[in-house]
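Q: I would like to see how this sequence folds:
(2 chains)
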Amino acid sequence: MATATTHDPYDMDLLRFATAGSVDDGKSTLIGRLLLDSKSIFEDQLEAVETTSQSKGYDYTDLALLTDGLRSEREQGITIDVAYRYFATPNRKFIIADTPGHVQYTRNMVTGASTADLGLVLVDARQGLTEQSRRHAVLLSLLRVPHLVLCINKMDLVDWSEETYEKIHAEFTQFATKLTIPDLEVIPISALNGDNVVHRSENTPWYHGPTLMHHLEHVHVASDRDLQDVRFPVQYVIRPKSDAHHDYRGYAGQLAGGVIRAGDEVVVLPSGLPSRVAKVELFDREVAEAFPPMSVTVHLEDDVDVSRGDMIARPRNAPTPTQDVDAMVCWMTNEPLRPRQKLAIKHTSRSGRAMVKDVQYRLDINTLHRDQAAGELGLNEIGRVQLRTTVPLLCDPYSKNRTTGSFILIDEATGVTVGAGMINDAG
Amino acid sequence: MPQAPSVATHSDYQLSQLDQLEAESIHVFREVAAEFEKPVLMFSGGKDSIVMLLLAEKAFFPAKLPFPLLQVDTGLDFDEVLATRDSWVGRLGARLVVASVEDAIAAGHVVDDGHTSRNRQQIGALLAAIEENGFTAAFGGGRRDEEKARAKERVYSHRDEFGQWDPKMQRPELWSLYNGRLHAGEHMRIFPISNWTELDIWHYIHREGIEIPSIYFAHEREVVERDGMLLSVGPEIRPRDGERAETRTVRFRTVGDRTQTGCVESQATDTASIIEEIAVARVTERGATRGDDRFSEAAMEDRKKEGYF
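A: Purely as a prediction, here's the structure:
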């Protein structure tokens, strides 16, 4: 195959990461640095930023201007929405969900973290851990982002002090024992000067860990997927109704878990009818097997009734259909979430209605205190909620599967997405 | 045509990033076809909309596309682009709806003031076509890497009754759970290739051996240099005083209306050499060749608010 580069661009993998931190922590500068040093910034983009920096009378090029996309943001000097950025190194492509630190941070951060493999939290070395950096770590843990990187920024302003690094590191490790953080890396950097971002710094001879870029390039994300438990939510039934494909009936969807092969015994939920996989197709060819996140078409041997919203799983490994859902909900609108409220719910390819049975507690994401007297959830608050749904959901705990364990809540009057839910482990 | 790598050989169950992008885009197409009453695919004939078309074909194969294509005819489209369009439409047996800017001007949906670009006038023709046909979802080939305002666009981008985008009122979009709720008169713009970069598009075109308009490849063309751009000499573009028409070997990086779309000097005659060229390119595709994006730093944001793709 003719390729322009020395590596094989058709075999690159993908890392999605979410960044958290405020303008003051130098988050936008760090992203600008990653883009610039990986040569992902184009001349016209850099020129536009240099011109703006000069016109504002700055002493240096403000790399933060690269990432502030909307005019209202540039005018106010704040970031108001999740922005997605892209860069690539020879072996990996990166998608950054850049989330703002201040306004609406919970809602935006939860959004950015929902698809992330890795979360990047920034702290200012002079300040150490702040309430905000703790909140960011809590949210990344709640969203089950499997890898976390704590970047201790502005190390140049604390004379590259190893002691400062160790102190913040220890403090964070202590705090993290209360959270679910399977993998943690703590890196001393200067985003402004580029130390330990892409290039190893001569200022930190005492630091033997990876640079940020090296870590992003090599962190192992393949094993984060569930390849054991087959979960195939049926999205769409393909029936060509043409002479050439008269009896064709394929179930299209994206694998949410497990490996599915021709010949596998399966069960269709919620009906519980058993069948066997006749074949698995990817566009115009048959494939031996499919695994997440492949979008494929599955054919069954039996003529069972399958439609959108159903799920194909294995007979002895299938979720139990339930109408009672116990979940952590992040609330995203001004009007509070209250018991007896009715909402629309979307879970995988299944839609229905839900009624709030109880708001068990509100989680204070600064202290992790559970306020059982709260009774409701306001904008940007998170709490444990019990719901009763009109249709049975075919779900798993979020800790087991981020696709079959998540749902969104929609206001039926406005049509707006008002809540994000993560289903709790049973018991 | 290069052979697509067989997924069956991924013994480590690792999907390449291009295959992940493909799988996610296909998921979006199927979701929209299942949930919206009347979707349509906005097809410009450019490389992004062609990739989108192939992804749609893959999503529903062997069935035909469950929605028509909508093309906004600016009256200033390149012949080569229209030829490719017709070839794709013919092969897929798809239904094509053409919304003409000329007709929109005649009908009063668009005012031709003589100096607004056709690209901008497309907005009126597009919105009129969406309203007249009652389309509830319109697939567009926008990518978030194209421009700063696009970086914040959702995959499902809600438009009000006036077709406007309100960046401050965007719905949160989590996991791969898309919210397609609409009120009467509203519609959704859907961007299935949001996460693809320009290089991803070209790698995919190369890998899949996709047919694209010939003007993407290096060819000789009579051009004139204006405002740092090379414009194709034709009925609308004539050399002005002090300008000189000359024949150069060029190719187009984007295809818009021919009065606004510049070309770049290039020797790239196939997809492999285009990829090589882009890998070392130092200017974004819009910055280099789209006059309509160069007026202000917020040009794209303004057009999007009005209802641009």
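Q: which helix of the chain spans the most residues?
A: Let's take chain A. Criterion DSSP state H: the longest helix present in chain A is helix A:162-176.
Q: Chain B was what I was after
A: Of all segments of type helix in chain B, defined using DSSP H, the longest is helix B:17-35.
Q: sorry, back to before: tell me which helix or strand comes right after the longest helix of chain A.
A: Downstream of helix A:162-176, the first helix or strand assigned by DSSP states H and E is strand A:183-188.
Q: can you list contacts of that following strand?
A: By C-beta atoms under 8 Å, 6 or more residues apart in numbering or on different chains, the residues outside strand A:183-188 that reach it are A:125, A:146-152, A:155, A:160, A:165, A:168-169, A:172-173, A:176, A:195-196, A:201, A:204, A:207, A:209-212, A:215, A:219. For glycine as for every other residue, the C-beta is placed from the backbone atoms N, C-alpha and C.
Q: Could you turn the buried ones of those into a ChimeraX selection?
A: Buried members of the contacts of strand A:183-188, defined by 16 or more other C-beta atoms under 10 Å in any protein chain shown, are picked up in ChimeraX with:
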select /A:125,146,147,148,149,150,151,152,155,160,165,168,169,172,176,195,196,201,204,207,210,211,212,215,219
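Q: Which of the contacts of strand A:183-188 fall within helices?
A: A:Y165, A:I168, A:H169, A:F172, A:T173, A:A176, A:L212, A:H215.
Q: Lowest-confidence one in the residues you listed?
A: Within those, A:A176 has the lowest pLDDT, namely 91.
Q: Let me see the mean pLDDT of stretch A:92-103.
A: Mean predicted lDDT for stretch A:92-103 stands at 82.
Q: sorry, that was for stretch B:92-102
A: Here the average pLDDT along stretch B:92-102 is 89.
Q: just the helices in the stretch 51-200 of chain B please.
A: B:79-92, B:101-107, B:118-133, B:198-208 (DSSP state H, counting those that start in this stretch).
Q: Distance to A:D117 and mean neighbour count added to those, as JSON lines?
A: As requested, these are arranged in JSON lines below (distance: least, C-beta to C-beta, whole Å; neighbours: other C-beta atoms under 10 Å in any protein chain shown):
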{"stretch": "helix B:79-92", "distance to A:D117": "36", "mean neighbour count": "16"}
{"stretch": "helix B:101-107", "distance to A:D117": "44", "mean neighbour count": "17"}
{"stretch": "helix B:118-133", "distance to A:D117": "37", "mean neighbour count": "21"}
{"stretch": "helix B:198-208", "distance to A:D117": "18", "mean neighbour count": "22"}
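Q: Out of the ones you listed, the one nearest chain A is which?
A: Chain A lies closest to helix B:198-208 among the helices of the stretch 51-200 of chain B, at 5.2 Å (C-beta to the nearest C-beta).
Q: Next, the contact list for A:L216, please.
A: A:L216 neighbours (C-beta under 8 Å, 6+ apart): A:L15, A:F17, A:R92, A:F94, A:L118, A:V149.
Q: could you redo the last one with a cut-off of 10 Å?
A: By C-beta atoms under 10 Å, 6 or more residues apart in numbering or on different chains, the contact set of A:L216 is A:15, A:17, A:34, A:38, A:87, A:89, A:92, A:94, A:96, A:118, A:120, A:147, A:149, A:185, A:198, A:210.
Q: try A:G119
A: Applying C-beta under 10 Å, 6+ apart to A:G119 gives the contacts A:17-20, A:97, A:99, A:109, A:112-113, A:136-137, A:139-141, A:143, A:145-150, A:181.
Q: Could you list the residues of the stretch 101-250 of chain A in contact with chain B?
A: Residues of the stretch 101-250 of chain A found near chain B (C-beta under 10 Å from any C-beta of the partner chain) are A:104, A:107-108, A:110-115, A:143, A:221-223, A:225, A:227, A:234-242, A:244-245, A:248, A:250.
Q: What's the ChimeraX line that selects buried ones from the residues you listed?
A: A single ChimeraX command selects the buried members of those (16+ other C-beta under 10 Å):
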select /A:104,107,108,110,111,112,113,114,115,143,221,225,234,235,236,237,238,240,250
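Q: Is it possible to get CSV of the helices of the stretch 51-200 of chain B that adds distance to A:D303?
A: Below are the helices of the stretch 51-200 of chain B laid out as CSV (distance: least, C-beta to C-beta, whole Å):
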stretch, distance to A:D303
helix B:79-92, 29
helix B:101-107, 49
helix B:118-133, 37
helix B:198-208, 34
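Q: ok and the residue in the stretch 301-427 of chain A nearest chain B?
A: In the stretch 301-427 of chain A, the residue that lies nearest chain B is A:G415 (3.4 Å; C-beta to the nearest C-beta).
Q: Who are the contact partners of that residue?
A: For A:G415, the contact set (C-beta under 10 Å, 6+ apart) comprises A:A344, B:H158, B:R171, B:N179, B:G180, B:R181, B:L182, B:H183, B:E186.
Q: how deep is the second one tucked in, by neighbour count?
A: B:H158 is flanked by 22 other residues according to other C-beta atoms under 10 Å in any protein chain shown.
Q: ok, now the first one?
A: A:A344 is flanked by 19 other residues according to other C-beta under 10 Å.
Q: so is it in a helix, a strand, or just coil?
A: When classified by DSSP: H, G, I helix; E, B strand; the rest coil, A:A344 comes out as strand.
Q: Could you list the low-pLDDT ranges of chain B?
A: Residue ranges of chain B with pLDDT under 70: B:1-11, B:109-120, B:168, B:281-309.
Q: quick one, strands of it?
A: Using DSSP state E, the strands of chain B run over residues B:39-42, B:69-73, B:96-100, B:137-139, B:156-159, B:187-190, B:219-226, B:229-232, B:246-252, B:263-265.
Q: would you turn those strands into TSV with distance to A:D396?
A: Converted to TSV, these look like this (distance: least, C-beta to C-beta, whole Å):
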stretch	distance to A:D396
strand B:39-42	31
strand B:69-73	39
strand B:96-100	43
strand B:137-139	30
strand B:156-159	25
strand B:187-190	28
strand B:219-226	55
strand B:229-232	54
strand B:246-252	49
strand B:263-265	51
